[in-house]
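K.L.:
Okay, predicted coordinates and the sequence, questions at the end:
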Amino acid sequence: MNRTSPSVVNPADPTPLYLQIAEHIRERIRQGTLADGDALAPLREAADLWGVNLHTVRHAYAALAREGIVETTRGPRGTRVTTPAPDKGALVCHFLEVMRAQLGMSPDAVIDAIRTYSSAKTPARPSVWVIECSRLQCESHAREIMAHFDVEAKALPLQEIDELPEGDLVATYFHYNDIRRMWPQRLRDVNFVSINPEPKIASRIGADVRRVRVVEMDAETAEAIAADLSVLLDDGVTVTPEAYANPEAALNVNDAAPVLFPPRAWQELSEKGQVDARAIPLNYVIESIELIKVARRLDWRAAPRTQMEI
């Protein structure tokens with residue numbers, strides 16, 4: 001039979017004696033000196049041991065029984081330790097009872113204090129501006145970032161910027177020269193990342209397709225995108241870059257080949273153009289390693305359930 005030291009009871013402590021006894025027994029169970037099936041001292045023996053009356057011991061054992069920590073039966077078994085799943089409701093009641101006894105706090109006051117503490121301890125969610133030439137692409141990258149990290153990512157289309165805002169900034173290397181030319185004093189504040197066509201674009205085009213067209217509003221960009229696509233598609237697929245001031249004009253050509261429109265060109269299409277069977281939106285995604293580097297640099301926390309390790 002396990003015994004408890006009389007030193008656990010301190011009459012000068014404002015905590016009720018039965019709560020002191022109950023907490024000591026809990027601590028011994030947590031430490032492993034009391035295990036499942038071990039018997040607690042009988043009421044009279046425990047009362048003599050701790051220098052309290054029978055009612056105090058009975059009250060302590062009853063509090064533990066309500067929590068499912070001990071079980072009291074008639075006969076020689078007496079009160080023994082049990083190890084069921086903890087009764088969370090009972091634990092909360094015990095906590096509130098202790099707070100009332102020790103600090104005179106009502107349950108509402110305890111809840112308010114916990115909320116205040118939680119608000120003070122929870123780090124503020126950081127925000128980041130995502131810069132790209134099209135709002136569609138900005139918003140797409142913002143969703144990517146928030147899918148992996150606990151940040152508030154906000155779209156900042158390049159053509160809508162007069163001055164770069166304060167705060168963290170992410171942009172693609174496509175626009176490195178644009179930002180260097182327009183805001184040279186802020187260049188070091190921008191976190192540049194590489195982007196590539198979404199890997200699933202090959203399956204969206206179809207396995208039997210031997211030629212695709214890539215449409216942009218300037219030839220240089222169309223050629224760069226065609227080069228990116230050539231890495232993803234089979235060697236037997238020809239990628240033809242085309243430039244149109246009005247991207248929808250590409251659909252007026254009598255050509256059955258699929259037409260890929262990057263975000264900037266896609267958002268220029270009419271509803272009719274976007275539902276054309278040949279038209280396929282070509283999205284770009286941030287390279288994972290680039291995004292992880294930015295997250296480390298800016299001390300971002302991983303988002304819940306993310307699969308990306310920082």
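P.N.:
Structure received. Numbers count the residues shown, from 1 in each chain.
K.L.:
which regions of the stretch 201-310 of the chain sit below the pLDDT cut-off?
P.N.:
305-310 (pLDDT under 70).
K.L.:
and Ser203, how many neighbours does it have?
P.N.:
8 (other Cβ atoms under 10 Å). All C-beta atoms are positioned from the backbone trio N, CA, C, and that covers glycine.
K.L.:
And it, how far from Val52?
P.N.:
75 Å (Cβ to Cβ, to the nearest Å).
K.L.:
One more: Asp234?
P.N.:
With Cβ to Cβ as the criterion, Asp234 and Val52 are 84 Å apart.
K.L.:
The two - which one has more neighbours?
P.N.:
Val52 (20 against 11).
K.L.:
Contact partners for the more buried one?
P.N.:
9, 17, 21 (Cβ atoms under 8 Å, 6 or more residues apart in numbering).
K.L.:
Confirm it sits in a helix?
P.N.:
No - counting by DSSP: H, G, I helix; E, B strand; the rest coil, one finds Val52 to be coil, located in no helix.
K.L.:
How about the backbone phi and psi for it?
P.N.:
Val52 adopts backbone torsions of phi -130, psi 180, taken as degrees, to the nearest 10.
K.L.:
and if you look at Thr240?
P.N.:
phi -110, psi 110.
K.L.:
Need the phi and psi values for the closest residue to it other than its chain neighbours.
P.N.:
In space, and not counting its chain neighbours, Thr240 is closest to Arg213: 4.9 Å by Cβ to Cβ, 6 or more residues apart in numbering. Reported as degrees, to the nearest 10, the phi and psi values for Arg213 are phi -110, psi 140.
K.L.:
out of the contacts of Val52, who has the most neighbours?
P.N.:
Ile21 (24 neighbours).
K.L.:
mind checking pLDDT for that residue?
P.N.:
Note on Ile21: pLDDT of 90.
K.L.:
Now do it against Gly32, distance only.
P.N.:
Distance, Ile21 to Gly32, by Cβ to Cβ: 19 Å.
K.L.:
ranges for the helices of the chain?
P.N.:
17-31, 43-50, 54-66, 88-103, 107-121, 135-148, 176-182, 201-205, 219-232, 263-266, 271-274, 288-298 (DSSP state H).
K.L.:
among the ones you listed, which is nearest Ala256?
P.N.:
Checking the helices of the chain against Ala256 by Cβ to Cβ gives helix 201-205 as the closest, at 13.0 Å.
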